Structure formats: structure tokens, C-alpha cells
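K.L.:
pasting the sequence and the predicted model now:
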Amino acid sequence: MSRKPRLAQVRTPVKTRNGTTPTAGGDPARWRAGKVLLLLGVALGGFAGAYAAVTFWPWRGSETPPGMVWVPGGEFTMGTDAAAAWDDEKPAHRVRVDGFWMDETDVTNDQFRRFVDETGYVTTAEKPVDAEQILRQSPPGAPRPTDLAPGSMVFVPTAGPVDITGPQAYRQWWKWTRGADWRHPEGPGSSIEGRGDHPVVQVSWDDANAYAMWAGKRLPTEAEWEHAARGGLDGKTYVWGDEPFNADKPQCHIWQGDFPWRNTAPEGRKRTTPVKSYPPNGYGLYDMSGNVWQWCSDWYQRDLYRERRGKGVIDNPTGPPRSSDPAPPFTPQRVQKGGSFLCNDAYCSRYRPSARHGCPPDTGMSHVGFRCVKTADTAKQAGARADDAEGGRSGLLVALLAGLACVPALVLTASGGRPPNLTLSQGGVR
């Protein structure tokens with residue numbers, strides 16, 4: 001019995017009143033092509049958006065600038081009430097700071113040399129002394145200085161024991177030295193050759209600030225510096241805890257022996273030492289105690305902490321608006337923290353994190369250096385991500401997945417809004 005042929009079902013086009021056949025926006029092929037292009041743009045936009053989010057979002061893990069470590073923000077006890085503390089460290093008070101990046105070491109001679117080579121910068125110690133500026137920082141009636149040759153302050157050990165008490169005792173071991181500068185830390189005849197990994201010294205606050213600006217960073221506030229130095233050990237005496245300094249297993253680089261004439265430290269460790277010579281603190285920062293004093297951005301005010309008494313938690317303090325110290329009333333000063341290789345418990349125990357000190361911003365010395373910080377926004381602008389290739393690959397992968405997520409929509413569009421007819425065969429999907 002023969003089968004009747006099956007007639008194909010034919011749809012009759014619907015006519016409009018004027019006799020034309022409506023189409024979706026004109027030519028169907030052109031309409032679908034437009035949709036494909038539109039969704040292709042969406043796919044590319046998703047790709048770009050995901051890539052930008054992964055690449056430029058300020059994630060600490062993928063944006064840590066080279067040579068810096070992250071210091072988490074938080075609340076801590078600034079200063080101390082300890083009996084051994086100096087008056088300007090008291091009273092202890094609560095402070096809160098936001099997180100930031102900090103150089104893991106002091107700025108080294110090699111790093112500072114690159115700055116000078118690229119910019120031609122001339123440090124304060126390499127310039128003739130400004131007599132007018134000296135007079136402005138001197139009491140009325142002070143004689144006009146006559147020795148205006150470039151130079152700086154250099155530590156010179158005394159020949160034997162001396163009286164180390166009194167406000168003028170330091171004059172016995174600090175000497176103004178012509179020709180002393182960052183390249184010649186102890187004066188003419190000295191050199192930084194072989195000391196590229198030592199902290200740069202003989203830099204004024206102005207020099208340190210100039211370097212920081214060139215590097216896309218800034219000097220830390222005093223609060224940031226102390227918070228970082230404590231390394232998470234709130235209220236402790238030293239950056240490593242409460243255990244006293246151990247000369248047999250030194251925790252930092254300070255004077256060993258009888259100050260200022262006999263230093264029993266091994267040869268090569270009687271002035272600055274290479275960075276990373278001693279263990280880091282809890283945040284991974286080196287030499288936050290001893291080696292060299294470090295400049296901060298704040299003006300120095302001797303009684304600042306007493307002014308903060310009873311004011312609760314101080315939020316991100318940046319220091320007083322001007323310098324104030326009755327000891328040198330005519331000389332403005334910036335804060336220094338950390339102590340140096342000249343600290344000794346018999347004379348100066350300022351290698352503790354709460355200790356502070358003021359120094360004129362135009363003064364360099366053979367035990368003064370600095371390090372820099374970066375906040376999250378400045379780090380993002382600098383684009384310092386080259387050291388995290390793995391993070392970059394992860395970002396690219398996420399971006400690719402975001403772009404591929406639009407592929408099904410493209411396939412649906414190309415097939416006229418219907419799923420394509422997929423047929424299984426021995427060879428797979430076709």
C-alpha cells in the first residue's frame with residue numbers, strides 16, 4: 001500500500017493594509033548581524049571591565065610596590081609612661097592610623113645615588129652655608145658665621161672617657177667637617193664605595209623629602225612611623241618586645257662599650273651597617289631600631305603629647321602646624337625617630353619606638369637617614385605591579401572568562417534567537 005506524500009506545512013505571510021510583508025527592522029539578515037555586533041560589543045566591554053577591575057582595583061596582594069611592605073592600619077598606644085622615658089614621650093595616648101606601604105629598609109646609598117644620577121640633585125651638605133638662614137635660627141646678637149664652606153656634622157670618638165652629662169656635652173664628639181656629605185660621610189677621604197647597601201646618611205630633611213617626591217612616595221608621619229616600628233607589639237618597650245638589648249645576640253645596631261670613646265662592636269660595625277643585618281620586626285621592617293635616625297614629616301613640638309592628654313583616640317595625626325621647643329627657641333625642627341648606631345643605655349636610650357627627637361630640617365649628620373611610605377591611592381597611581389606577574393595572569397584569566405560568558409548569547413543571536421540544532425554522532429557534537 002502506497003503512502004500518501006506528506007505535504008510540507010507552508011505559512012502564509014501576513015499582509016499589512018498596504019500589501020507589504022512586515023520584517024523585524026528591515027532585512028532579517030542585517031537585523032541579526034546588528035544584534036551580533038551589539039552583543040560582541042557587550043562581550044568586549046565585559047572583557048575590558050573585568051580586566052580593569054582585576055588590574056586596577058587596589059588589592060594589596062597584587063600591588064605591593066617593590067621593596068615595600070604593607071603596614072595594616074589600626075589603633076595603638078603612642079608614647080609611653082615608662083620611668084626611663086624622656087619627657088617628650090609622655091604621656092602615652094591612643095592613636096589610630098590607616099594602612100600604608102613602607103620601605104622595608106632605610107634608603108640605601110645605591111638607591112640615593114640613582115636619584116642623584118637621574119635628577120642632578122645637590123644635597124644641602126654640598127651647598128655653601130646660608131649665613132642669613134643661620135642668623136634667623138640664632139639668638140639676637142649672634143655673630144655672623146664666617147665659615148660658609150659646604151660641610152656637615154660628623155661623629156668623632158673622643159680620645160678617652162669624658163663627662164656625658166649636660167646639654168652641651170655633645171659638642172665633645174660632634175664636629176663640623178668641611179667636605180662631609182652623603183658621598184663622604186666622615187668627611188674628605190671617606191667614601192661610600194663598598195657601602196652601597198648601607199643607609200644613606202648626611203641627608204637633611206629637605207634632601208629626604210626631595211627623594212621621596214622623586215620616588216612617588218612621601219615621608220612617614222610620626223604616628224605612622226611609630227605604629228610601623230612596633231610591628232603589632234602594642235605598648236612594648238622595644239620593637240622586638242620587652243627583653244633588654246643583648247650584646248651577645250644583638251637585636252639591633254647600637255653602640256656597644258663605653259660611649260663615646262670605646263666601641264667594642266666588631267670591626268665594620270662601628271658606624272652604619274648594611275640594611276637587613278638584624279632581624280625584622282613583626283611587619284617585616286628592618287632597622288626600625290638603631291643604625292640611623294629616620295626623618296618624619298612632622299614638625300617637632302616638645303610638649304605635643306601633653307596637649308593630647310584626655311582627647312581620646314587621635315585619628316591619623318600629622319603633627320603640629322609649627323615647630324616648638326624651648327631648648328632651641330629660634331630653630332625650627334622636624335621629628336626624627338628610631339635612634340642610631342650611637343645610642344647607648346648609659347647616654348641615650350632613644351632606640352625605643354616611643355622615643356622622639358627634633359632636628360633642624362637643613363641639617364645632615366653622619367647618623368641620620370630616612371625611609372619612605374606610600375598610601376593606597378598613591379601606590380595605585382604609580383602602577384607598581386610589575387613584581388606580581390602571577391596576579392597579572394590571574395587577572396587576565398578572570399577577564400577572559402568574563403568575555404567568554406557572552407559567547408552563548410552570541411550563538412543564540414546568530415541562530416535567530418533559537419538554540420542551534422546539535423546532533424550527536426560518533427565524532428562528537430556537530
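P.N.:
Thanks, I have it.
K.L.:
okay, now the unreliable bits of the chain?
P.N.:
The chain contains residues with pLDDT under 70 at 1-62, 376-430.
K.L.:
report the central residue of the protein.
P.N.:
residue 373 (2.3 Å; Cα atoms, centre = their mean).
K.L.:
just give me the neighbour total for residue 332.
P.N.:
18 (other Cβ atoms under 10 Å). C-beta coordinates here come from the backbone N, C-alpha and C atoms, glycine included.
K.L.:
meant to ask about residue 74, not that
P.N.:
By other Cβ under 10 Å, neighbour count at residue 74 equals 13.
K.L.:
chain neighbours aside, what residue packs nearest to it?
P.N.:
Among residues not flanking residue 74 along the chain, residue 96 sits closest, at 6.8 Å (Cβ to Cβ, 6 or more residues apart in numbering).
K.L.:
what helix or strand is that neighbour located in?
P.N.:
Element membership for residue 96 (DSSP states H and E) is strand 93-97.
K.L.:
what's the first helix or strand after that strand?
P.N.:
Downstream of strand 93-97, the first helix or strand assigned by DSSP H and E is strand 100-103.
K.L.:
for that next one, which outside residues touch it?
P.N.:
Strand 100-103 has contacts (Cβ atoms under 8 Å, 6 or more residues apart in numbering) with 64-65, 67-71, 73, 217, 220, 224, 228, 283, 285, 371-376, 379.
K.L.:
hmm, back to that, for the strand holding residue 96, which strands pair with it and how are they oriented?
P.N.:
strand 74-78 (antiparallel), strand 314-315 (parallel) (DSSP bridges).
K.L.:
what are the buried residues along that strand?
P.N.:
Residues of strand 93-97 classed as buried: 93, 95-97 (neighbour count, 16 or more other Cβ atoms under 10 Å).
K.L.:
what's opposite the nearest residue to residue 313 once chain neighbours are set aside in the beta bridge?
P.N.:
Leaving aside its sequence neighbours, residue 313 sits nearest to residue 94 (Cβ to Cβ, 6+ apart; 4.5 Å). Counting by DSSP bridges, residue 94 forms beta bridges with residue 77.
K.L.:
which residues touch the closest residue to residue 242 other than its chain neighbours?
P.N.:
Once flanking residues are discounted, residue 242 sits nearest to residue 236: 5.6 Å by Cβ to Cβ, 6+ apart. The contact partners of residue 236, by Cβ under 8 Å, 6+ apart, come to 230, 242, 353.
K.L.:
quick one: buried ones out of the residues you listed?
P.N.:
For these, a neighbour count by 16+ other Cβ under 10 Å gives the buried set as 230, 353.
K.L.:
which of the contacts of residue 236 sits closest to residue 185?
P.N.:
residue 353 (25.5 Å; Cβ to Cβ).
K.L.:
name the SS class of the spatially closest residue to that closest one that is not a sequence neighbour, please.
P.N.:
Leaving aside its sequence neighbours, residue 353 sits nearest to residue 229 (Cβ to Cβ, 6+ apart; 4.1 Å). Classification of residue 229 using DSSP: H, G, I helix; E, B strand; the rest coil returns helix.
K.L.:
contact partners for residue 229?
P.N.:
Counting by Cβ under 8 Å, 6+ apart, residue 229 makes contact with 239, 281, 285, 288-289, 337-338, 353.
K.L.:
same question for residue 190.
P.N.:
180, 184.
K.L.:
and residue 119, by the same measure?
P.N.:
Contacts of residue 119 (Cβ under 8 Å, 6+ apart): residue 214.
K.L.:
can you list phi and psi of it for me?
P.N.:
phi -110, psi -20 (degrees, to the nearest 10).
K.L.:
got it, and residue 177?
P.N.:
Main-chain dihedrals, residue 177, degrees, to the nearest 10: phi -130, psi 120.
K.L.:
show me the beta-bridge partners of it.
P.N.:
Beta bridges link residue 177 to residue 152, judged by DSSP bridges.
K.L.:
now, of the contacts of strand 100-103, which are buried?
P.N.:
Among those, those scoring as buried are 64-65, 67-71, 217, 220, 224, 228, 283, 285, 371-374, 376, 379 (criterion: 16+ other Cβ under 10 Å).
K.L.:
farthest pair within the contacts of residue 229?
P.N.:
Using Cβ to Cβ, the contacts of residue 229 reach their maximum pairwise distance at 281 and 337, which is 13.3 Å.
K.L.:
picking that back up, where's the residue nearest to the centre of the chain relative to residue 302, distance?
P.N.:
Here residue 373 is placed at a distance of 24 Å from residue 302 (Cβ to Cβ, to the nearest Å).
K.L.:
could you export the contacts of residue 229 as a markdown table, including distance to residue 82 and secondary structure?
P.N.:
Below are these laid out as a markdown table (distance: Cβ to Cβ, whole Å; DSSP: H, G, I helix; E, B strand; the rest coil):
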| residue | distance to residue 82 | secondary structure |
| --- | --- | --- |
| 239 | 15 | coil |
| 281 | 19 | coil |
| 285 | 22 | coil |
| 288 | 18 | coil |
| 289 | 16 | coil |
| 337 | 16 | strand |
| 338 | 17 | coil |
| 353 | 12 | coil |
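K.L.:
ok, of these, which one's closest to residue 321?
P.N.:
Closest to residue 321, out of all of the contacts of residue 229 and judged by Cβ to Cβ, is residue 337, at 19.8 Å.
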